[in-house]
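Q: sharing a model that was predicted from the sequence below.
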Amino acid sequence: MARNPAITQIYILEEQIKQLQDTVKVLKKGLQDSGASKGPARKGIKESIKQDVERQLARRRIKQMKKATGGR
């Protein structure tokens with residue numbers, strides 16, 4: 001049975017949303033624990049964390065798209 005690619009994409013996006021929500025929770029907790037949210041270097045730390053998360057998500061997206069398209 002052939003899967004509808006739109007439905008597959010919806011499932012992938014829902015999973016990404018869940019992962020992002022979890023990531024945000026972890027990052028907020030990390031910033032609070034480290035005290036970074038109070039310091040002057042907050043913007044630099046946030047920017048570097050944001051870039052790291054974007055890289056991870058890009059890798060995840062590529063892997064998920066490969067799975068959804070049959071590994072091509």
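A: Here it is on my side, so go on. Numbering: from 1, shown residues only.

Q: so what's Ala58 up against?
A: The contact partners of Ala58, taken as CB atoms under 8 Å, 6 or more residues apart in numbering, number zero. Placement of C-beta: from N, CA and C, glycine included.

Q: what about the longest helix in the protein?
A: Ranked by number of residues, the top helix in the chain under DSSP state H is helix 5-34.

Q: go through the very next helix or strand once past it and flag the buried ones.
A: Using DSSP states H and E, the helix or strand that follows helix 5-34 in sequence is helix 42-68. For helix 42-68, burial by neighbour count (16 or more other CB atoms under 10 Å) applies to Gln64.

Q: got the angle for helix 42-68 vs helix 5-34?
A: 150 degrees (axes from the mean of the first three to the mean of the last three CA atoms, to 10 degrees).

Q: any idea how far helix 42-68 is from the middle of the chain?
A: Relative to the chain's own centre, helix 42-68 is displaced by 5 Å; criterion: CA atoms, centre = their mean, to the nearest Å.

Q: stretch 63-72 now?
A: Between the centre of stretch 63-72 and the centre of its chain there are 17 Å (CA atoms, centre = their mean).

Q: returning to what we had before: other SSEs contacting the longest helix of the chain?
A: Packed against helix 5-34 by the contact rule (3 or more CB pairs under 8 Å, 6 or more residues apart in numbering; DSSP states H and E) you find helix 42-68.

Q: rounded mean pLDDT for the longest helix of the chain, please.
A: Helix 5-34 shows a mean pLDDT of 86.

Q: equivalent analysis for stretch 52-65, please.
A: 86.

Q: CA-only coordinates of it, as CSV, when you get a sec.
A: Taking Å, rounded to 0.1, in the frame of the first residue of the first chain, the C-alpha atoms of stretch 52-65 are listed here in CSV:
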residue,chain,number,x,y,z
ASP,A,52,23.7,24.4,17.6
VAL,A,53,19.9,23.6,17.8
GLU,A,54,19.5,24.7,14.2
ARG,A,55,22.3,22.3,13.1
GLN,A,56,20.8,19.4,15.0
LEU,A,57,17.4,20.1,13.6
ALA,A,58,18.7,20.3,10.0
ARG,A,59,20.4,16.9,10.5
ARG,A,60,17.2,15.4,11.9
ARG,A,61,15.1,16.9,9.1
ILE,A,62,17.5,15.4,6.5
LYS,A,63,17.4,12.0,8.1
GLN,A,64,13.6,12.1,8.4
MET,A,65,13.1,13.1,4.8
